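Asker: got a sequence here, can you model it:
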Amino acid sequence: MALHHSTRVRLLGAASALGVATLLLAGCAGGGSSDQTGDASGEALIVGTTDKVTTLDPAGSYDNGSLAVQTQVFPYLVNTDYNSTEVVPDLAESAEFTAPNEYTVKLPAGLKWSNGHDLTSSDVKFSFDRNIKIADPNGASSLLYNLDSVETPDDTTVVFKLKTDNDQVFPFILTSFPGAIVDEEVFSADAVTPDQDIVDADAFGGPYKITSWDFNKSVEFTPNENYQGLLAAPVNAGVILSYFAESSNLKLAVQQGDIDVAYRSL
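Answerer: Residues are numbered from 1 along each chain as shown. You can find the predicted model right below:
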């Protein structure tokens with residue numbers, strides 16, 4: 001299947017946000033030497049950014065600022081590793097085409113959300129079904145243009161039925177904006193769920209969970225002990241993400257040593 005230019009741009013934008021966010025947050029924790037940011041001292045990192053968040057709910061956002069947070073706290077079935085563009089299992093044990101119009105994902109048994117809820121194939125189906133149903137104008141449901149339906153033969157199996165055969169773009173779409181999996185016991189099936197409701201319910205499954213949320217001012221992340229995925233476990237105690245309205249303010253914070261890492265405009 002040919003990759004349309006507009007789709008390439010969308011996916012490249014998603015990959016950029018994912019790569020930078022992962023390196024700044026989860027990637028900083030992956031067992032590097034002590035002279036790297038996020039060393040084994042276990043201290044919290046302070047990251048400054050001029051990006052903005054639209055909403056924490058993946059069904060209501062299509063921007064890099066939101067994605068940079070979502071990739072830290074929500075699980076993805078598949079992903080791309082740092083040094084490769086190849087799609088590999090993340091939350092999934094395996095993911096492959098089992099027919100020209102079927103992409104089958106197998107999940108490990110016993111997965112849990114950070115709040116203790118079971119994470120099963122039902123959550124996966126719920127996540128994609130709600131994204132398409134809500135079709136928020138600020139969301140990325142349009143990227144699921146070739147998804148016909150999602151079937152769950154058992155708690156650990158997900159079968160994506162596609163409208164068009166041999167869609168080699170589909171696995172990459174699963175790594176991007178609409179690929180985040182959410183807790184069906186917390187999120188609304190037909191409306192964008194308020195940010196604070198998500199935080200209060202501890203509805204996270206990525207390498208980090210959010211312990212404090214002040215919209216577009218600050219976010220506090222702590223490692224999620226229930227995370228099972230592609231990334232190594234964090235070696236820091238957490239991350240504080242601070243938002244700056246002006247790049248000049250971010251530059252000043254860097255100069256004064258108030259933050260460890262700066263991202264986006266200076």
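Asker: drop to CA atoms for contacts and neighbour counts, all remaining ones
Answerer: Will do.
Asker: where does pLDDT dip in the chain?
Answerer: 1-42 (pLDDT under 70).
Asker: from P207, how far off is the residue nearest the centre of it?
Answerer: Against the mean C-alpha coordinate of the chain, by CA atoms, centre = their mean, the closest residue is T71 at 2.3 Å. For T71, the distance to P207 equals 9 Å [CA to CA, to the nearest Å].
Asker: cool, L230 as well?
Answerer: Going from L230 to P207 by CA to CA gives 9 Å.
Asker: so between the two, which is more surrounded?
Answerer: Set side by side, L230 and P207 show more neighbours around P207, with 29 against 19, by other CA atoms under 10 Å.
Asker: Provide a list of residues in contact with that one.
Answerer: With contact taken as CA atoms under 8 Å, 6 or more residues apart in numbering, P207 is in contact with 26, 72-75, 223-225, 227-229, 231, 233-234.
Asker: just name the closest of those to A140, please.
Answerer: For the contacts of P207, the residue nearest A140 by CA to CA is F74; the value is 15.7 Å.
Asker: burial of the closest one, as a residue count?
Answerer: F74: 25 surrounding residues under other CA under 10 Å.
Asker: mind checking how far it is from T175?
Answerer: Using CA to CA, one obtains 12 Å as the distance from F74 to T175.
Asker: before we move on, the earlier item: closest to G139 out of the contacts of P207?
Answerer: Distances from G139 to the contacts of P207, taken by CA to CA, are shortest for F74, at 16.0 Å.
Asker: apart from its neighbours in sequence, what residue is nearest that closest one?
Answerer: Spatial nearest neighbour of F74, chain neighbours left out: G206 (4.3 Å); criterion: CA to CA, 6 or more residues apart in numbering.
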